[in-house]
Every structure is written in structure tokens, then in C-alpha cells.
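> Sequence and computational prediction follow.
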Amino acid sequence: MYGFIHISLHVVVPIALAWFLFRDDWLKAALIMLAANLVDLDHLFVEATSEPVQCAINTYPLHTMFPISFFGALLFLPWKPVRMLGVGLVAHMLIDAAGCGL
Ligand SMILES: [Zn+2]
């Protein structure tokens with residue numbers, strides 16, 4: 001059940017953010033933010049464990065503080081598609097952090 005809610009959030013939250021933050025261009029924003037979920041491909045580089053890891057933060061290479069601070073910096077760049085990607089990545093990390101008991 002946790003996995004289902006988590007995956008749903010990774011789909012619903014980017015679409016909602018696209019609608020509220022980039023309404024004039026929301027479809028493009030939604031697609032870019034959904035693509036931000038591809039950061040989870042870093043899980044492939046970590047040895048698969050039998051138990052699914054609930055807390056991705058600091059477990060996978062792109063879910064550590066250094067890349068996350070870089071994702072946050074994207075929010076302040078002057079190119080709209082890059083900001084869309086930044087919003088998607090930061091939202092992704094916040095959703096993942098919810099699995100860490102934050
Ligand atoms: Zn993740």
C-alpha cells in the first residue's frame with residue numbers, strides 16, 4: 001500500500017504543480033516534471049535488496065544532499081524549462097523524504 005501511494009504521489013504532485021505554477025504552459029511543465037522521476041534510475045546502480053527501501057534519501061546516488069542542492073539551484077535559473085525540471089526534482093525529493101519519516 002505504501003508503494004502504491006508513493007508512486008501515485010510521484011504522478012499526481014507534478015501534474016498539480018504544473019497546473020498551479022505554470023498554468024499557461026502546464027502540459028509541457030507536467031511532462032518535464034514527470035520526466036524528473038527518472039532520477040529514480042539511480043536505484044539501478046545500487047545493489048538490489050530483497051526489501052524495497054522505503055527511505056530513498058541518502059540511499060541512492062542522486063538522492064544525496066549534494067545533487068539535491070543542485071536540483072534546488074535549478075529553481076533560480078532564468079530558463080523556464082530548467083525551472084520546471086527543478087520544481088519536479090525538488091518535489092520528487094520531498095515526496096521521497098516523506099518515506100524517511102519527515
Ligand atoms: Zn526517488
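Arrived safely, thanks for sending. Keep in mind it's a predicted model, so treat the numbers as computed, not measured.
> quick one, what contacts the residue nearest to the spatial centre of the chain?
Central residue of the chain (C-alpha atoms, centre = their mean): His92, 2.0 Å from the mean position. Counting by C-beta atoms under 8 Å, 6 or more residues apart in numbering, His92 makes contact with 10, 14, 36-37, 39-40. Where C-beta positions appear, they are placed from N, C-alpha and C, glycine not excepted.
> which element is it on?
Using DSSP states H and E, His92 maps to helix 80-98.
> quick revisit: how near is the residue nearest to the centre of the chain to Phe20?
16 Å (C-beta to C-beta, to the nearest Å).
> you'd agree Gly86 is up against Trp79?
No - if you go by C-beta atoms under 8 Å, Gly86 and Trp79 don't touch, sitting 9.9 Å apart.
> the more surrounded of these two?
Remark: of Gly86 and Trp79, Gly86 carries more neighbours, 22 against 10, as counted by other C-beta atoms under 10 Å.
> can you pull the pLDDT of the residue nearest to that one when sequence neighbours are not counted?
Excluding the flanking residues, the one nearest Gly86 by C-beta to C-beta, 6 or more residues apart in numbering is Leu74, at 2.9 Å. pLDDT recorded at Leu74 is 98.
> swap in Lys80?
96.
> ok, it - how many residues close by?
If we define neighbours as other C-beta under 10 Å, then Lys80 has 13 of them.
> you'd agree it is up against Asp24?
No - using C-beta under 8 Å, Lys80 is not in contact with Asp24; the gap is 10.2 Å.
> Which strands and helices lie in contact with the helix or strand of the chain with the lowest mean pLDDT?
Least confident helix or strand of the chain, by mean pLDDT, DSSP states H and E, is helix 2-21 with a mean of 93. For helix 2-21, the packing partners by 3 or more C-beta pairs under 8 Å, 6 or more residues apart in numbering; DSSP states H and E come out as helix 26-35, helix 80-98.
> With the ion as the reference, name the closest of the ones you listed.
helix 80-98 (4.2 Å; C-beta to the ion).
> For stretch 20-39, measure first residue to last.
This stretch, stretch 20-39, spans 23 Å end to end (C-alpha to C-alpha, to the nearest Å).
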